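Engineer: pasting the sequence and the predicted coordinates here, then a few questions.
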Amino acid sequence: MAEDKVLTFEEAMEKLEQIVEKLEEGDVPLEEAISFYKEGMELSKLCHNKLKHVEEQLTQVLTDDGQAADFSITEEE
């Protein structure tokens, strides 16, 4: 995936879906399938990292004075 443009999550997912469809067809030559697989793994990693980053952002809330604070849910007994 040697692209200069940084893909959005949605673009990466769309490309990943296209790769999965091509591989599921089963008539892809081995060398091409390996190339698709490698690109798919890179896209999967990109999506995972983007989701992880969003998750980290969502686990923080801003306090009344604008400071970031960890957000944690405590279970009540």
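Structural biologist: Arrived safely.
Engineer: could you look up the SS state of L7?
Structural biologist: Under the three-state scheme (DSSP: H, G, I helix; E, B strand; the rest coil), L7 adopts coil.
Engineer: surely it meets K15?
Structural biologist: Yes - counting by C-beta atoms under 8 Å, L7 touches K15, with 7.2 Å between them. Quick note: C-beta positions are derived from backbone N, CA and C, even for glycine.
Engineer: mutual contacts of those two, please.
Structural biologist: Common contact partners of L7 and K15 (C-beta atoms under 8 Å, 6 or more residues apart in numbering): L43.
Engineer: looking at those two, which is more packed in?
Structural biologist: Using other C-beta atoms under 10 Å, the more surrounded residue of L7 and K15 is K15, with 19 against 16.
Engineer: OK, contacts around that one?
Structural biologist: Going by C-beta under 8 Å, 6+ apart, the list of residues near K15 reads L7, E39, L43.
Engineer: sort those residues by pLDDT and name the bottom one.
Structural biologist: Across the contacts of K15, the bottom pLDDT score, 91, is held by L7.
Engineer: can you report phi and psi for it?
Structural biologist: Note on L7: its backbone torsions stand at phi -80, psi 150 [degrees, to the nearest 10].
Engineer: and the residue nearest in space to the middle of the chain, what does it touch?
Structural biologist: Nearest to the mean C-alpha position of the chain, counting by C-alpha atoms, centre = their mean, stands C47 at 0.8 Å. C47 makes contacts with F9, A12, M13, L16, as judged by C-beta under 8 Å, 6+ apart.
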